[in-house]
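>>> quick one, what's the 3D model for this:
(one chain, ligands or ions: 1)
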Amino acid sequence: MSEKALSYLAQLPPDSMAIPRALREDGSLHATGSRDWTSGFYPGELWQLYEFSQDDKLATAAKAWTAFIEKEKSDTHTHDLGFKIFCSFGHGYRLTNDPHYKEVILDASRTLIRRFNKQVGCIRSWDFNTETWQFPVIIDNMMNLDMLFAATRLSGDSTYYKIAYQHALTTLKNHVRDDHSTYHVIDYDTLTGEVRHRHTHQGAAPESAWSRGQAWNIYGFAVAYRETEDERFLDQAKAAARFFYTHPNLPDDYIPYWDFDAPHIPNEPRDASAAAIASSGLLILYELDPQNREQYLKWADRTLLSLSSVDYQSDTPPFLLQHSVGSIPGAFEIDVPIIYADYYYVEALMKRRALVKSKKG
Ligand code: GLY
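As a prediction, this is how the structure comes out:
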């Protein structure tokens with residue numbers, strides 16, 4: 001990382017509404033407040049870069065940005081509390097053991113489980129579009145379970161674990177297709193618990209394979225297996241990785257188009273964020289599925305090499321990567337740097353480095 005990038009990252013936050021999210025197409029910074037679903041990624045990236053560098057300036061910056069997000073622990077209107085709180089406070093707690101950080105994680109977990117519906121067996125994702133959806137659940141929501149599993153470890157209260165386990169089982173049953181790719185949005189009937197509709201919100205079509213969703217699929221089920229040891233989750237994570245990395249529409253550099261079924265391939269934007277998330281998921285699978293670990297390592301290394309090439313590196317701090325896609329149907333953040341790509345890229349690099357250090361890979 002360049003000196004220019006490092007000194008930018010060590011800057012203290014100007015204000016709580018200025019958390020980096022993306023670059024706009026005109027090159028200006030799109031910054032957000034803590035309420036945004038992406039708010040935890042920048043502080044989480046800083047914590048990981050501190051872990052890498054042991055540079056106290058980065059720890060000071062990480063603490064300051066993390067503090068801005070604390071109030072989100074009480075927001076009952078979102079399922080994104082894992083992304084916001086666990087990606088920031090989670091790393092902070094891991095690296096400092098600060099008991100206050102643990103309390104914030106537990107508070108946020110208590111808030112998140114209020115969105116669990118027993119009849120459906122899932123945590124509700126979104127509160128908007130109520131004229132169309134009764135109880136929407138998106139594949140992305142698998143990523144919020146990591147915080148709940150941690151909450152049981154930290155508190156000894158199995159409620160969080162049981163809810164996370166049930167959410168993963170219901171998602172396995174209803175989100176996953178025969179080819180092991182996943183739908184984006186499943187809408188449930190809250191009275192019967194039955195599926196009402198299968199939709200997409202960010203993919204090319206309801207039946208298409210939205211690339212970031214397939215990355216959440218690999219990563220989310222790998223974590224669900226790591227935490228529960230339920231082999232059904234491992235089977236799904238393995239199959240999801242195979243779907244992604246052997247797909248005929250995956251380009252040679254392993255950076256997928258924004259949707260595996262986008263209509264104008266090869267003339268479609270790539271999504272570096274999906275690649276970064278998937279590579280980090282592969283490195284979880286590396287630990288869980290020794291029989292196939294060489295294959296996971298090959299796929300992850302090829303992806304990380306591409307992301308680390310001039311083709312994908314950003315020259316605009318604080319962003320590390322370019323060429324991500326927020327939402328093509330929503331017409332925003334198309335082919336720009338986005339903070340969650342950087343977060344998962346750094347996470348994957350840290351895992352890869354740990355393998356080199358332990359001489360495993
Ligand atoms: N969780 C929202 C997204 O992946 O765009």
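>>> for Ala22, helix, strand, or coil?
What DSSP: H, G, I helix; E, B strand; the rest coil gives for Ala22 is strand.
>>> next one: the one 4 residues further on
Classification of Asp26 by three-state DSSP places it in coil.
>>> look up how far Trp258 lies from it.
Using CB to CB, to the nearest Å, one obtains 21 Å as the distance from Asp26 to Trp258. Backbone N, C-alpha and C define where each C-beta goes, glycine included.
>>> tell me what the worst-scoring helix or strand of the chain on mean pLDDT is packed against?
None of the helices or strands of the chain scores lower by mean pLDDT, DSSP states H and E than helix 3-9, at a mean of 82. In terms of contacts (3 or more CB pairs under 8 Å, 6 or more residues apart in numbering; DSSP states H and E), helix 3-9 is packed against helix 41-53.
>>> what packs against the helix it packs on?
helix 3-9, strand 19-23, helix 56-67, helix 91-96, helix 339-357.
>>> flag every buried residue along the least confident helix or strand of the chain.
When neighbours are counted by 16 or more other CB atoms under 10 Å, the buried residues of helix 3-9 are found to be 5, 8-9.
>>> ok, now stretch 106-121?
106-113, 115-116, 120-121.
>>> what does stretch 276-288 contact?
The contact list for stretch 276-288 (CB atoms under 8 Å, 6 or more residues apart in numbering) reads 212, 214-216, 218-220, 222-223, 225-226, 234, 237-238, 241, 244-245, 256, 292-293, 296-297, 299-300, 303-304, 307, 321, 340-345, 347-348, 351-352, 355, 361.
>>> mind saving the C-alpha coords of that stretch as PDB?
C-alpha atoms of stretch 276-288 as PDB (Å, rounded to 0.1, in the frame of the first residue of the first chain):
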ATOM      1  CA  ALA A 276     -13.300 -10.400  -2.900                       C
ATOM      2  CA  ILE A 277     -16.100 -11.800  -0.800                       C
ATOM      3  CA  ALA A 278     -15.900 -15.200  -2.600                       C
ATOM      4  CA  SER A 279     -12.100 -15.400  -2.200                       C
ATOM      5  CA  SER A 280     -12.500 -14.800   1.600                       C
ATOM      6  CA  GLY A 281     -15.200 -17.400   1.700                       C
ATOM      7  CA  LEU A 282     -12.900 -19.900   0.000                       C
ATOM      8  CA  LEU A 283     -10.300 -19.300   2.600                       C
ATOM      9  CA  ILE A 284     -12.800 -20.300   5.300                       C
ATOM     10  CA  LEU A 285     -13.600 -23.500   3.300                       C
ATOM     11  CA  TYR A 286      -9.800 -24.100   3.100                       C
ATOM     12  CA  GLU A 287      -9.900 -24.700   6.900                       C
ATOM     13  CA  LEU A 288     -13.100 -26.700   6.900                       C
END
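>>> how far out from the middle of the chain is that stretch?
Distance of stretch 276-288 from its chain centroid, counting by CA atoms, centre = their mean, to the nearest Å, is 12 Å.
>>> so the closest residue to the ligand within the stretch 51-200 of the chain, which state does it fall into?
For the stretch 51-200 of the chain and the ligand, the shortest gap (CB to the nearest ligand atom) falls at Asp140, measuring 3.7 Å. Three-state assignment for Asp140 (three-state DSSP): helix.
>>> many thanks, I have nothing further to ask.
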